[in-house]
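Visitor: The following block contains a protein sequence and its predicted model.
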Amino acid sequence: MIYLDYAASTPVDPAVIESMAVAMAAPGNYANPSSTHSEGRYSNELIARAAGQLAELVGTSPDRLIWTSGATESDNLAILGAATYREDRGRHLVSMRTEHKAVTDPFATLAQRGFEVTWLDPDPDGRLGLDKLQSALRDDTQLVSVMHVNNETGIVQDIAGIGELCRERGVLYHVDAAQSCGKLPIDLDALPVDLMSMTAHKFYGPKGIGALYIADRKGVHVDPMLFGGGQQRRLRPGTLPTQQIVGLGETAAIATQRMAQDLEHLRTLRDRFWAGIQDLPGLIVNGSLEHGFPGILNVSAAGVEGESLLLALEPLCVATGSACNSKSQEPSYVLRALGLSDELAQAAIRFSFGRPTTEAEVDTAIALYRGAVTRLRQLAPAA
Amino acid sequence: MIYLDYAASTPVDPAVIESMAVAMAAPGNYANPSSTHSEGRYSNELIARAAGQLAELVGTSPDRLIWTSGATESDNLAILGAATYREDRGRHLVSMRTEHKAVTDPFATLAQRGFEVTWLDPDPDGRLGLDKLQSALRDDTQLVSVMHVNNETGIVQDIAGIGELCRERGVLYHVDAAQSCGKLPIDLDALPVDLMSMTAHKFYGPKGIGALYIADRKGVHVDPMLFGGGQQRRLRPGTLPTQQIVGLGETAAIATQRMAQDLEHLRTLRDRFWAGIQDLPGLIVNGSLEHGFPGILNVSAAGVEGESLLLALEPLCVATGSACNSKSQEPSYVLRALGLSDELAQAAIRFSFGRPTTEAEVDTAIALYRGAVTRLRQLAPAA
Amino acid sequence: MSADPYSDRVRALFARPEHAGTLEGGASASIDDQGVRISLSARVSDGQVEAMAFQAYGCPHLIAAAEAACAELEGRDAVELLEFAASGLMQSLSVPVEKTGRILVLEDAIRSLGRVITETQ
Amino acid sequence: MSADPYSDRVRALFARPEHAGTLEGGASASIDDQGVRISLSARVSDGQVEAMAFQAYGCPHLIAAAEAACAELEGRDAVELLEFAASGLMQSLSVPVEKTGRILVLEDAIRSLGRVITETQ
Ligand SMILES: Cc1ncc(COP(=O)(O)O)c(C=O)c1O
Ligand SMILES: Cc1ncc(COP(=O)(O)O)c(C=O)c1O
């Protein structure tokens, strides 16, 4: 099998696995970090160290980070939490149709609870036009959520530009950075971002651990969703999962070191892959090579059915739509929002490359894709 | 250091650590379990296997289990989720003052949202008198939550008796089994329990993973708290943390095998410890040796201040109150509810024993406790 | 949920469909419905189906079913096509319920081919 | 939050309080307030504190502070007890703010002992 589904999840770096094993086994590391005895203080120090590592990666201070069970929880805590906390300032919210379900679903829930949500469509290249956002903002707008890197297309939004517009209007700005954290440079101290969601398993860390950044700025606060032991300033109680946090910290430290080289590697792979298939007739890049994160290339081949294409590509592990949607037969709503027909949306394949991907794997993928597209087109009746 | 704080958290069994490392590293295991390709299906099978292991431990079928980030989330999902879902059937809820904060805080939140909560006090031995519960139930009562084993005192509630009363009255019954799951026999198929919270890190599994049991019975359902990718029948979305779930499954499998022998071991240790200190004057067992889970012994020594006692006991790692409260200087509300004075509640030490505890450790603990109590009493002015 | 959605038989039929293509000069019928497209052609002699071929745009189950149907129908009397029922294929290929509609399009195409043949004879 | 709440000095004073006990026949004062109890006694000669001892029920910081105060006050003029301020101790022992109240009880006890001594002289 050739795994080209790094946008869905990644293998965990061996150094990270090692750090987690130690945090579970070494005498005392397993103590409850809330305990006051020496062992509890020690596991607490492990957590403080991890917070420092993640804070360094995204350019903020450790006390701005809340640990969560992943980006889904971070997105929910940010969106439901901020909207509820700031309810009295206005009940208008703005987001995009191309967001991940972990963002669109909380907004849909808020819409049922009496909030008004404006859903912005992307420009044809997938990006949000700042003028569109400008005219969507109202006096009662209190929260905008626009992701950094799109999980299906790799499109990178102008989060600095979006954040500036929000700040001018006194609107909170939340960024779902599940796909960019650890892969693209992010400097929260310099960015006009108020809330940002992160998750470890998209950048060679463990599944089930993430964080929410909450800016140290007046009016930036969230209501908690969970109530209990009082951990994390009551914002997110529950025994802190030391080994998961240590794993995320280690993941972040490695990413800080490797980011430039990783990006270069991904760019080489993506360009090689595209060069190897681009002469096939009827290919459409969903998103944009120019504004795209190079770890993701989403391509549709006209006249080829998606599910058959996926099977014909075996042993290539790739995705149609995003992993989270990939069990449904529905064409991806993200690609539909980019203006694709149902048929082209269903024929879309997301290739996503990773740190372990080799040029030989890319070459095999090229051969498999060319062969599969050609064969299925031959099999199909003339349209 | 001698760790006698197993009720706060436990070391992870080496076999569990190994299973988690494999789930993070072995080719394909790291795939997103939502993905349809072969690797995604494989990690999904790992999860199905783990569900089977946990289901066997608690006597139910795997599809009744929802994975969560721990007992705090399970408690919140059960209580907030069931109360909201069943709101139209009545807004009266019943719980006890001696519950963990992960239960009392969600109820307090519901009280703020217009629900009415009846807080029952325990009998002097810490148990809930069934007659008390009987008279608290009303026509508009829709949910009762009474834990299995108390985290501070080890008191075991009669969950079968409580559940029967609830079922007679058409009231849902939630059990926080954070301290009993994997340690005391639980047969959900036979018990009149509708919702049950579990967490791995209290029985030699990883932190940050738990489950909620939801009975397959008319009217038993919870509203979700998180919205997103649609995983887990939309009840709890987010990428499933394969390695955490595999770890919990392995933890459960080991517990199924070892439970009888573990219990015997704990009984021996607890009895040995009590025999070694019981002749000290002015000792009070908080809870009950008769109705207590043998892994926990909570003792107050009259005339000894708690924080000083804790320091004098070093290198013993034990708790005053529960770990979750142990940073606060407040006397434990659980012990206050048992009728203890502030002073005695503050002098309480929770000794909790575990699978790795040895008789030699218990003997050292006896000597340290005797010495510390004696010295601090000598240091104190006559009352 | 975690099971392989494709049986070995579906995989084999999908990977090596021996009846893919068109039969020049034979009878033919096409259908475009429910997001799938099927073209069938047959060479008939003395009321008997001598050879059959298909072209299909659709999911692996559809392609496998078309291949299996072609193989099964060769040698049969053409009138049998008029009453062809896809239920047997759905079972033998373990077609998931949500795909039933697509396989019924294949059924329609086969019956329609049967009509083309019998009406022109 | 993750730091050891007790400095090495607090640990040492708490573990081996050399001034624990009572001085038979000396002046003494006791206070019971804020959940802590302190008894102090002193042997005074020529207006000078020759020896001091304490008994305390309270947290480690209180016990360490009492021990440190006794050591510090031996050899001083008894009148100095009247103006004893605990702020120095709080700093040198890094007493957390939430415990300030308890250390002020010690301050009160020392001043009260000072009054007992000076009034009986
Ligand atoms: C953009 C985006 N947001 C949110 C999520 C959800 O993250 P998690 O799996 O950590 O809950 C994902 C991935 O699944 C994602 O790609
Ligand atoms: C009785 C009880 N309930 C709930 C919890 C919370 O569990 P978790 O740490 O898994 O969130 C604990 C322990 O912390 C507990 O002892």
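Guide: That came in fine, so what should we check first? Ligands and ions are numbered 1, 2, ... in the order given.

Visitor: What residues does the stretch 201-350 of chain A have near ligand 2?
Guide: A:238-239 (C-beta under 6 Å from any ligand atom). Yep, even glycine has a C-beta here, placed from its N, CA and C like the rest.

Visitor: Low-confidence bits of the stretch 201-350 of chain A, can you list those?
Guide: Flagging of the stretch 201-350 of chain A using pLDDT under 70 yields the residue ranges A:321-329.

Visitor: What ranges does it have for its strands?
Guide: A:210-214, A:283-285, A:296-301, A:316-317, A:348-352 (DSSP state E, counting those that start in this stretch).

Visitor: Tabulate those (a markdown table), appending distance to residue A:156 and mean neighbour count.
Guide: As requested, the strands of the stretch 201-350 of chain A are exported to a markdown table (distance: least, C-beta to C-beta, whole Å; neighbours: other C-beta atoms under 10 Å in any protein chain shown):
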| stretch | distance to residue A:156 | mean neighbour count |
| --- | --- | --- |
| strand A:210-214 | 18 | 27 |
| strand A:283-285 | 14 | 16 |
| strand A:296-301 | 10 | 25 |
| strand A:316-317 | 24 | 22 |
| strand A:348-352 | 14 | 26 |
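
Visitor: Any idea which of those strands gets closest to residue A:189?
Guide: Residue A:189 sits nearest to strand A:210-214 of all the strands of the stretch 201-350 of chain A, at 10.7 Å, using C-beta to C-beta.

Visitor: what about the spatially closest residue to residue C:96 that is not a sequence neighbour, distance to chain D?
Guide: Nearest residue to residue C:96 in three dimensions, chain neighbours excluded: residue C:5, at 7.0 Å (C-beta to C-beta, 6 or more residues apart in numbering or on different chains). Distance, residue C:5 to chain D, using C-beta to the nearest C-beta, to the nearest Å: 49 Å.

Visitor: thinking again about what came up before, present the strands of the stretch 201-350 of chain A as TSV; the columns should include distance to residue C:12.
Guide: Output for the strands of the stretch 201-350 of chain A, formatted as TSV (distance: least, C-beta to C-beta, whole Å):
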stretch	distance to residue C:12
strand A:210-214	43
strand A:283-285	29
strand A:296-301	24
strand A:316-317	19
strand A:348-352	23
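
Visitor: can you tell which of these is closest to residue B:25?
Guide: Nearest to residue B:25, of the strands of the stretch 201-350 of chain A and by C-beta to C-beta, is strand A:316-317 at 16.5 Å.

Visitor: does chain B sit close to that closest one?
Guide: Yes: for strand A:316-317 and chain B, the contact criterion (C-beta under 8 Å from any C-beta of the partner chain) is met by residue A:317.

Visitor: Now do that strand: everything it contacts.
Guide: A:1-5, A:364-365, A:368-369, B:31, B:35, B:37-40 (C-beta atoms under 8 Å, 6 or more residues apart in numbering or on different chains).

Visitor: what's the lengthiest helix in chain C packed up against?
Guide: As assigned by DSSP state H, the longest helix anywhere in chain C is helix C:100-120. Packing partners of helix C:100-120 (3 or more C-beta pairs under 8 Å, 6 or more residues apart in numbering or on different chains; DSSP states H and E): strand C:27-33, strand C:36-45, helix C:60-73, helix C:79-82, helix C:87-92.

Visitor: Check which residues of the last one are buried.
Guide: By 16 or more other C-beta atoms under 10 Å in any protein chain shown, the buried positions in helix C:87-92 come out as C:89-90.

Visitor: Likewise for the shortest one?
Guide: Along helix C:79-82, these residues count as buried under the neighbour rule (16+ other C-beta under 10 Å): residue C:81.

Visitor: can you check stretch A:336-351 too?
Guide: Here stretch A:336-351 shows A:336-338, A:340, A:343-351 as buried, counting by 16+ other C-beta under 10 Å.

Visitor: And stretch A:59-73, by the same measure?
Guide: A:60, A:62, A:64-73.

Visitor: what would these look like in CSV with distance to ligand 2, secondary structure and pLDDT?
Guide: Formatted as CSV, the buried residues of stretch A:59-73 follow (distance: C-beta to the nearest ligand atom, whole Å; DSSP: H, G, I helix; E, B strand; the rest coil; pLDDT from 0 to 100):
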residue, distance to ligand 2, secondary structure, pLDDT
A:60, 26, coil, 98
A:62, 22, helix, 98
A:64, 23, helix, 98
A:65, 19, strand, 98
A:66, 15, strand, 98
A:67, 12, strand, 98
A:68, 13, strand, 98
A:69, 11, coil, 98
A:70, 16, coil, 98
A:71, 20, helix, 98
A:72, 18, helix, 98
A:73, 14, helix, 98
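
Visitor: check the residues you listed against chain B, which are close?
Guide: Within the buried residues of stretch A:59-73, those near chain B by C-beta under 8 Å from any C-beta are A:69-73.

Visitor: so can I have a markdown table of the residues you listed showing distance to residue B:137?
Guide: Converted to a markdown table, those look like this (distance: C-beta to C-beta, whole Å):
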| residue | distance to residue B:137 |
| --- | --- |
| A:69 | 35 |
| A:70 | 39 |
| A:71 | 42 |
| A:72 | 37 |
| A:73 | 35 |
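
Visitor: that older thread, ranking the helices and strands packed on helix C:100-120 by burial, who's on top?
Guide: Highest mean neighbour count of those: helix C:60-73, a mean of 24 (counted as mean count of other C-beta atoms under 10 Å in any protein chain shown).

Visitor: can you confirm the residue nearest to residue C:96 is in a helix?
Guide: No: under DSSP: H, G, I helix; E, B strand; the rest coil, residue C:5 falls outside any helix and is assigned coil.

Visitor: so what pLDDT did residue 9 get?
Guide: Let's take chain A. According to the prediction, residue A:9 has pLDDT 95.

Visitor: that's the wrong chain, I wanted chain C
Guide: pLDDT at residue C:9 comes out at 96.

Visitor: Domain-wise, how is chain A divided?
Guide: A:2-8+A:259-379, A:14-254 (automatic domain parsing).

Visitor: Can you name the residues that contact residue A:227?
Guide: Going by C-beta under 8 Å, 6+ apart, residue A:227 touches A:237, B:76, B:101-102, B:105-106, B:108-109.

Visitor: hmm, try it at 6 Å
Guide: B:105-106, B:109 (C-beta atoms under 6 Å, 6 or more residues apart in numbering or on different chains).
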